[in-house]
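**Q** build me a model from this:
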Amino acid sequence: MDQYNTASRLMAPRAVEQLVAGRATSDGAGVKLTRLLTDDWQQRLDPFLMLDVFGSDQADDYIAGFPDHPHRGFETITYMIAGRMRHRDSAGNQGLLQNGGVQWMTAGRGVIHSELPEQEEGRMEGFQLWLNLPGKDKMCAPWYRDFQADDVPAFDTPDGVQVSVIAGASHGVVGGVQREATEVLYLVLHFTRDAVFEQPLAADHNAFVVAYEGAVQLGDTALPLKHMAVLANTPDTDGVRLRGRAGARAILVAGKPLGEPIVQYGPFVMNSQAEIIAAINDYRSGRLA
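**A** Coordinates of the predicted model:
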């Protein structure tokens, strides 16, 4: 837990390229959410395809959940801040996602799944991130894993930041999932007191930060809630430096671009229109999963 190196300081941290305001929308059977990463940003933030944040104390905003729906060609990573959501899919996987837990699903060649609340009141809050698969892996076998909060690798910095490493590695702590093609990094940061957190990043990796509670600052830029801070890909930069006030929480996500065509039709993300048509035909004929 003491692997954080206080002697390591960044020489050229990244700046914020743009703050992107989230768009209020709904999905599934009417779940209200805010979409932070839309298809307008897919090329710029390759390999990431979509990021939704959901959060409400009103059961009517989430109670219908996400009934059976298909996916092909990418992965979904759901981080549950608060609440209880049951996952079931056509590959036979089942899991209960709850406070601080993570669900990682590789749709690959195709899966049909549902995510339904297991609560009738209280707060439901979390993030869902879509991560693209390289063309060579888009038709791989589906894969699923869920992590309870205590199963997510974590460490505390001497400055007062609790870091959960969902994917990648941070300061010697290896996350729960690794992806060779995209080298994805997914960190959850909780500032237990006023503190600074630094994370080395390759200059050519695309990255963004979302603050979801309290006050977080990147350089001279304060990060408003329900906004995505896209980090500039400036040559010779060596990482990101965040300042948070006590009680602040944020996610930091980064990854290596795939540099491949992105063709999306709803829940299918492939490299060509022909592959999309094949996915639609497979779904309609019952061959998707």
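**Q** contacts and neighbour counts: CA atoms only from here.
**A** Fine.
**Q** please enumerate the helices of the stretch 151-289 of the chain.
**A** The residue ranges that make up the helices of the stretch 151-289 of the chain, judged by DSSP state H, counting those that start in this stretch, are 273-284.
**Q** in space, what's closest to residue 209 - neighbours in sequence excluded?
**A** With CA to CA, 6 or more residues apart in numbering as the criterion, residue 209 has its nearest non-adjacent residue at 4.6 Å, and that residue is residue 252.
**Q** tell me how far that neighbour lies from residue 198.
**A** Residue 252 sits 11 Å away from residue 198, taking CA to CA, to the nearest Å as the criterion.
**Q** what do you get for residue 284?
**A** Summarising the geometry, the distance separating residue 284 from residue 198, computed by CA to CA, is 48 Å.
**Q** check contacts around the residue positioned nearest the centre of the chain.
**A** Within the chain, the residue whose C-alpha comes closest to the C-alpha centroid is residue 129; the distance, by CA atoms, centre = their mean, is 3.4 Å. Applying CA atoms under 8 Å, 6 or more residues apart in numbering, one finds that residue 129 lies in contact with 48, 49, 50, 51, 52, 76, 77, 78.
**Q** kindly report the same for residue 45.
**A** If a contact means CA under 8 Å, 6+ apart, then residue 45 has 206, 207, 257 as its contacts.
**Q** mind doing that once more with 10 Å?
**A** Applying CA atoms under 10 Å, 6 or more residues apart in numbering to residue 45 gives the contacts 37, 39, 205, 206, 207, 208, 230, 231, 254, 255, 256, 257.
**Q** cool, residue 289 as well?
**A** Neighbouring residues of residue 289 by CA under 10 Å, 6+ apart: 70-72, 89-91, 107-113, 141-142, 282-283.
**Q** now it: how far from residue 134?
**A** Look at residue 289 and residue 134: by CA to CA, they are 20 Å apart.
**Q** and if you look at residue 158?
**A** Distance of residue 158 to residue 134, given as CA to CA: 38 Å.
**Q** run through the protein and note the low-pLDDT ranges.
**A** The chain contains residues with pLDDT under 70 at 1-8.
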